[in-house]
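Asker: let's see this in three dimensions:
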Amino acid sequence: MKILHTADWHIGQNFYGYERREEHQHFLHWLRMQLSEQQADVLLIAGDVFDSPNPSAESQRMFYAFLHDVTTENPNLQVVVTAGNHDSAARLEAPHDLLTAMRVEVRGVIHRTVEGEIDFRHLVVPLQEKGQRKAWCLAVPYLRQGDYPESSQYGTGVMAMYGALNDYLKEINRDNLPVVAMGHLHVYGSELSDNDRSERIVVGGLECVAAEAFDSDLA
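Answerer: I've put the predicted structure just below:
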């Protein structure tokens, strides 16, 4: 199957007073064309869909019109969206039931069971190719304090979260299908392209996470 991964759209951003609406429209049109030309099976959007937790009505219309268009034009396309630190997790996940009917899965909030445990089932999304399950996705949104298993440090808490999720998935992944993990965080020990000047050591005022935090079994 073919997976197209994007992140950090920041729809609604004003850059030093410059309104970037036209740029975002060009990008979304380009992405629509890519999804059709590449015949992608899955589109992953890993956080910061909007630039603000309270996006304008125009920004929201732009996003939802895009989802409508690409799922209409590509009947087999599946979309998985996770919240970033700029997004309102609850707002992004609010239309989940409606979007699911369009083959769009949104994960913003870390849900808990009645016992108060993290609901790992909610963060695991099967990826399909023409109706056949071909892989699994760990759809993890930006993790805030209290979202991950109890830990004194952010990095170890995030590591524990992905480790517990991977352990849960191993119990249900009986066909040993590939596993893709999503996240919205800064990983040190990873490689950056020479011309990438956008990465910061700290995201949202929290510590970085080591590349070793992620299971080597992940695809």
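
Asker: quick check: longest strand in the chain by residues?
Answerer: Longest strand in the chain, counting residues (DSSP state E): strand 132-139.

Asker: contacts for it, please.
Answerer: Contact with strand 132-139 is made by 1, 41-42, 44, 80, 82, 105, 107, 123-128, 162, 165-166, 169, 173, 175, 177-182, 218-219, as judged by C-beta atoms under 8 Å, 6 or more residues apart in numbering. (Each C-beta comes from the backbone N, C-alpha and C, glycine too.)

Asker: pull it out as PDB, backbone CA atoms only.
Answerer: Below are the C-alpha coordinates for strand 132-139, written out as PDB (Å, rounded to 0.1, in the frame of the first residue of the first chain):
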ATOM      1  CA  GLN A 132      -8.400  -5.200   3.200                       C
ATOM      2  CA  ARG A 133      -6.400  -4.500   6.400                       C
ATOM      3  CA  LYS A 134      -2.700  -4.200   5.400                       C
ATOM      4  CA  ALA A 135      -1.200  -2.400   8.400                       C
ATOM      5  CA  TRP A 136      -1.800  -0.800  11.800                       C
ATOM      6  CA  CYS A 137      -1.300   2.800  12.800                       C
ATOM      7  CA  LEU A 138      -0.400   4.100  16.300                       C
ATOM      8  CA  ALA A 139      -2.300   7.400  16.000                       C
END
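
Asker: packing partners for the helix or strand following that strand?
Answerer: Downstream of strand 132-139, the first helix or strand assigned by DSSP states H and E is helix 154-172. Helices and strands touching helix 154-172, by 3 or more C-beta pairs under 8 Å, 6 or more residues apart in numbering; DSSP states H and E, are strand 124-129, strand 132-139, strand 179-182, strand 209-210.

Asker: what is the distance between the first one and the centre of its chain?
Answerer: In other words, strand 124-129. Mean-position distance between strand 124-129 and its chain equals 13 Å (C-alpha atoms, centre = their mean, to the nearest Å).

Asker: do the shortest one as well
Answerer: Between the centre of strand 209-210 and the centre of its chain there are 18 Å (C-alpha atoms, centre = their mean).

Asker: next: stretch 6-15.
Answerer: 14 Å.

Asker: residues contacting that stretch, please?
Answerer: Outside stretch 6-15, the residues that touch it by C-beta under 8 Å, 6+ apart are 20, 24, 27, 31, 43-52, 55-56, 58-59, 62-63, 84, 86, 184.
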